Each structure stands twice: as C-alpha cells, then as structure tokens.
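*Asks:* need a structure here:
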Amino acid sequence: HVQLVESGGGSVQAGGSLTLSCAVSGTLGSGYCLAWFRQTPGIGRTQVAAIASPHGYKYYSDSAKGRFTISRDNVRNTLTLQMNSLKVEDTSMYYCAYDSGACGEFERYFIDWGRGTQVTVS
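*Replies:* Now for the predicted structure:
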C-alpha cells in the first residue's frame, strides 16, 4: 500500500490562495496516478486534479482549470495542489489519492487515500 498524508488546508478569504501538500510513501508502481479529490455533498468525492506517472500528464476538473495547479516532486515524494482565486464553493475536505494504473476520473479507481485536509473559503 501507499501511505498519503495531506497538509496545508485552512481558512482563507475568497480570492485568496492555498497550497495543499501530500506526503507520499510506500511502494509505487512503474505507472501510477496521484490525484486530489474533494468531498461533494450528496455525490461523494469528486476529482479536482490528477497527474499521471511516468509521463506527467495532468488532468483538471472544469472548476479547477485556470485556478489550480497540480505538481509532483519525485525527490521529496510530495504531491502539491496550488489553489488560486479561491471561491466559497471550493470549501471542502480535500483528499490525496493513489491509483496503481492510469488516471481514472472516479474515486472507485483509487486504492489508497489520505485522511484529508479541510479548506474553508469565506
């Protein structure tokens, strides 16, 4: 299994920025996906952004495009989500997730999860 620990959440005013980090440890496959999800009431966890390994392709939800940036530091084994121009509707619990294959859109494809970090935008 892969262990994931999120940090960096907090409270911010609308229009502000936050950077979420996810410490990744354990045995990763030769090809895998790391993603950020957030909890959506009545729906479950929806994907915000994802990055595929080894090619580094990035995927963003429509709500994240142009505002959020996902990145990966292979030396520090860290996944980061830079969030700018935050909106009240971005308020949620954010989760880091790992999938041993290609990047799928839905939470059911991801096998390991962190415990989440809360983001509150007012």
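*Asks:* Checking the one residue sitting closest to the centre of the chain next. Helix, strand or coil?
*Replies:* Centroid-nearest residue in the chain: residue 36, 1.6 Å away (criterion: Cα atoms, centre = their mean). Look at residue 36: counting by DSSP: H, G, I helix; E, B strand; the rest coil, its state is strand.
*Asks:* cool, residue 89 as well?
*Replies:* Per three-state DSSP, residue 89 ends up helix.
*Asks:* Now for it: which residues touch it?
*Replies:* 63, 121 (Cβ atoms under 8 Å, 6 or more residues apart in numbering). The way it works is simple: take the backbone N, C-alpha and C, and place the C-beta from them, glycine included.
*Asks:* tell me the pLDDT at it?
*Replies:* Note for residue 89: predicted pLDDT of 96.
*Asks:* Repeat that for the one 3 residues further on.
*Replies:* For residue 92, the model assigns a pLDDT of 97.
*Asks:* With adjacent residues omitted, what lies nearest to it?
*Replies:* residue 38 (3.9 Å; Cβ to Cβ, 6 or more residues apart in numbering).
*Asks:* which residue ranges form the strands in the chain?
*Replies:* In the chain, the strands defined using DSSP state E lie at 2-7, 10-12, 18-26, 32-40, 44-53, 58-60, 68-73, 78-83, 92-99, 112-113, 117-121.
*Asks:* need these in CSV with distance to residue 105, can you?
*Replies:* As requested, those are exported to CSV (distance: least, Cβ to Cβ, whole Å):
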stretch, distance to residue 105
strand 2-7, 19
strand 10-12, 27
strand 18-26, 19
strand 32-40, 9
strand 44-53, 6
strand 58-60, 8
strand 68-73, 14
strand 78-83, 17
strand 92-99, 11
strand 112-113, 16
strand 117-121, 21
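*Asks:* Among those, show me which one is buried the most.
*Replies:* strand 92-99 (a mean of 23; mean count of other Cβ atoms under 10 Å).
*Asks:* Just want the angle from that strand to strand 2-7.
*Replies:* Per axes from the mean of the first three to the mean of the last three Cα atoms, to 10 degrees, the angle that strand 92-99 makes with strand 2-7 is 160 degrees.
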